[in-house]
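Structure here, sequence nowhere to be found:
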């Protein structure tokens with residue numbers, strides 16, 4: 001069955017199902033990896049997420065990919081759901097919104113023009129320039145080594161793994177504001193360290 005098809009009435013979760021019941025389903029997925037509970041969540045939310053993504057401008061194929069991604073996140077991160085923070089629907093649609101934003105960011109990244117003069121390889125560095133580069137690289141690695149572990153992790157994910165702040169927050173179960181603060185503190189520390197050792 002494609003995501004664009006409506007589930008049959010026999011397989012659908014009744015509309016009267018209270019959000020508490022959805023919370024129970026999420027708990028079953030988190031604690032027992034209950035496939036039937038996940039299937040019930042999928043039947044209830046997948047068509048709604050598909051419509052939501054289409055309203056946000058995604059074409060049918062992209063919207064279906066986003067639904068799969070969102071529901072996979074629900075399966076993998078069910079233990080991070082907190083009923084005190086939001087309803088199940090709000091939690092799932094927040095994931096959907098974040099996935100759509102991430103997708104738009106990735107799609108809007110410019111493709112480098114290899115004919116652009118700026119893309120021309122730089123001439124071979126002189127031995128002095130190469131030594132300066134090696135020394136600068138060592139200073140930078142040394143400065144990174146002095147970061148607090150949580151700052152080092154955020155820096156690594158942001159710059160080396162090229163993750164968005166939202167992806168880092170979701171994967172590390174840390175609030176988005178905390179991720180941004182840790183990254184800002186890490187960069188400030190590196191800037192000061194590099195000046196001090198110059």
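Sure, I can see it. Keep in mind the model is a prediction, meaning the values are calculated, not measured.

Residue 84: what secondary structure?
Judged by DSSP: H, G, I helix; E, B strand; the rest coil, the three-state class of residue 84 is coil.

Number of residues surrounding it?
4 (other CB atoms under 10 Å). Any C-beta I mention is one placed from the backbone N, CA and C, and that applies to glycine too.

Domains in this protein, by residue range?
Domain assignment for the chain, taken from automatic domain parsing, gives 19-108, 126-197.

Most tightly packed of the ones you listed?
Mean neighbour counts were compared across the domains of the chain using mean count of other CB atoms under 10 Å; the top stretch is domain 19-108, at a mean of 17.

so how far is that one off the chain centroid?
Domain 19-108 has its average C-alpha position 13 Å from the chain's average C-alpha position, going by CA atoms, centre = their mean, to the nearest Å.

Just the mean pLDDT for it, thanks.
Confidence for domain 19-108, expressed as mean pLDDT, is 90.

which residue ranges form the helices in this protein?
19-32, 35-55, 60-77, 88-108, 127-145, 149-155, 165-172, 176-197 (DSSP state H).

Redo these as TSV? Include distance to residue 115.
Compiled in TSV, the helices of the chain are given as follows (distance: least, CB to CB, whole Å):
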stretch	distance to residue 115
helix 19-32	51
helix 35-55	36
helix 60-77	30
helix 88-108	21
helix 127-145	27
helix 149-155	34
helix 165-172	32
helix 176-197	33
